[in-house]
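J.: let me see the structure of the following:
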Amino acid sequence: TTIEIRLKEYGAESFEVIDNGSGIEPENYQALTLKHFTSKISDFCDIATVETFGFRGEALSSLCALSDLVVVTCHKSQSVGSRIEYDNDGKIRNQSKCARDVGTTMSLSNLFHTLPVRQKEFHRNIKKEYGRMIHMLQGYCLISTGIKISCCHQIGKTKKQL
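T.: Down below sits the predicted model:
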């Protein structure tokens, strides 16, 4: 399993998480960004057996409300990928077919654009927030076995692998 995180301008411009997991099944596209939704848990007992990092519950709903979210995914049962753009309410704005290996890419841009004061504060503290993200990511790297986690950061035209 591989997970790649890509940031532009410390995440102020864009933020991507790319994996080579099993992808998202087409019947879950609409519900993916709804509050309290997860396709990983169907019964309370399933909580103890979840072994993936996939987004859960409120995460994607909150990200839709705070940013422009695009999901590019190809489920292992599909021969072609899908590119899904969501609006700030978590509803599908646009969906199209695209080339994609099995897995998922979550792309965020314009983080906090719906909350101008929060966006200004985020930009003002961007390097501190970036440091917190790297610290958290290092923790996941230490406890995760059998998973390659990489992060690259682009400032201007310079790309830096972390």
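J.: strands of the protein, start to end?
T.: In the chain, strands defined by DSSP state E lie at 2-8, 14-19, 68-74, 81-86, 92-98, 103-109, 148-155, 158-161, listed in chain order.
J.: can you tell me which of the ones you listed is packed in deepest?
T.: Each of these was given a mean neighbour count from mean count of other C-beta atoms under 10 Å, and the largest, a mean of 22, is that of strand 68-74. To be clear about C-beta, it is placed using only N, CA and C from the backbone, and glycine gets the same treatment.
J.: average pLDDT for stretch 121-137?
T.: Average pLDDT, stretch 121-137: 94.
J.: could I get the strands of the chain in CSV, plus columns for distance to Leu34 and mean pLDDT?
T.: Listed next are the strands of the chain as CSV, based on distance: least, C-beta to C-beta, whole Å; pLDDT from 0 to 100:
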stretch, distance to Leu34, mean pLDDT
strand 2-8, 24, 94
strand 14-19, 19, 95
strand 68-74, 13, 97
strand 81-86, 10, 97
strand 92-98, 11, 97
strand 103-109, 16, 96
strand 148-155, 28, 91
strand 158-161, 35, 70
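J.: in the chain, which residue is closest to the centre?
T.: Residue closest to the mean C-alpha point of the chain, counted by C-alpha atoms, centre = their mean, is Met106 at 3.7 Å.
J.: need the longest helix for this structure.
T.: Of all segments of type helix in the chain, defined using DSSP state H, the longest is helix 126-143.
J.: spit out the contact partners of Ile24.
T.: Listed by C-beta atoms under 8 Å, 6 or more residues apart in numbering, the contact partners of Ile24 are 32, 39, 71, 73, 75, 104.
J.: among those residues, which two are most distant?
T.: The widest separation within those, taken as C-beta to C-beta, falls between Ser39 and Val71 and amounts to 13.2 Å.
J.: shared neighbours of these two, anything?
T.: Overlap between the contact sets of Ser39 and Val71, as judged by C-beta under 8 Å, 6+ apart, is given by 24, 32.
J.: quick one on the thing from earlier: got the buried residues for the longest helix of the chain?
T.: By neighbour count on 16 or more other C-beta atoms under 10 Å, the buried set for helix 126-143 is 129-130, 133, 137.
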